[in-house]
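[1] sequence unknown, structure follows:
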């Protein structure tokens, strides 16, 4: 019987792959046999993730890329195609956040967040989807946030609310647009995970956050493995247009 979660022979391109959830996504897909293209601004950290991935017996291509640059995005996609001949899986993971009250919001703060969290997602999808359409196959996974589904209570983050709130609707729209070409599009909405993007991990903050979560703890990066593998695989061949919160029950209350 065929393992519907086997990714052998597939090629995944992951943005924001030098650390945190992005690096974990790379490990998860590589452990199922996928070759990976790793994108991030920090080349030295990318090399470390690439070595971890290669140790799992697959190929890895680290590409330094600022996703706010259209030229660098296109060059990264071109490098992936030149190396592997295709891109089967795209994970739009690169993200950032800036805490700022709306009455104090500056254009710099707004664009600092939305350029990475929204515009980069749109244009990376544009560049990659062209190749997926030609191939008649693709898996696109957008990384949203529980704060794209619910109001936040840990601080005002208008740029983050707006950019992550756009992910479910882009996911639905692209699912409809790309379905005729064998491409599925889904969104993962993480809750609180222990990654570098967290604003703090001191005892008071941890106690505050844990108190907001029904499971009373933050998630660990490896707890994403099952969901991202499902959405990247043929195990989810009839699943598209969905946003799935993985948040210890936070969005259930």
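    Everything's here; your move. Note that this is a predicted model, so its numbers are computed, not measured.
[2] could you use CA atoms for every contact and neighbour count after this?
    Will do.
[3] tell me the helix or strand right after the strand ranked longest in the chain.
    Taking DSSP state E as the criterion, the chain has its longest strand at strand 183-190. As assigned by DSSP states H and E, the chain's next helix or strand after strand 183-190 is helix 203-212.
[4] which residues sit against the very next helix or strand once past that following helix?
    Using DSSP H and E, the next helix or strand after helix 203-212 towards the C-terminus is helix 225-232. Contact with helix 225-232 is made by 5, 24-25, 28-29, 32, 89, 139-141, 186, 236, 239, as judged by CA atoms under 8 Å, 6 or more residues apart in numbering.
[5] closest one of the residues you listed to residue 49?
    Residue 49 has its nearest neighbour among those in residue 24, at 9.0 Å by CA to CA.
[6] mind checking which helix or strand that closest one is in?
    Per DSSP H and E: helix 20-31 holds residue 24.
[7] and that helix with helix 225-232, angle?
    70 degrees (axes from the mean of the first three to the mean of the last three CA atoms, to 10 degrees).
[8] helices and strands around helix 20-31, which ones?
    strand 11-14, strand 35-40, helix 43-54, helix 225-232 (3 or more CA pairs under 8 Å, 6 or more residues apart in numbering; DSSP states H and E).
[9] to residue 126, which of these lies closest?
    It is, among the helices and strands packed on helix 20-31 and with distance given as CA to CA, strand 11-14, at 13.5 Å.
[10] list the buried residues for that closest one?
    Residues of strand 11-14 classed as buried: 11, 12, 13, 14 (neighbour count, 16 or more other CA atoms under 10 Å).
[11] so what strands line up beside it?
    strand 35-40 (parallel), strand 89-92 (parallel) (DSSP bridges).
[12] show me the contact partners of the last one.
    So the one you mean is strand 89-92. 10-16, 121, 124-125, 128, 138-143, 232.
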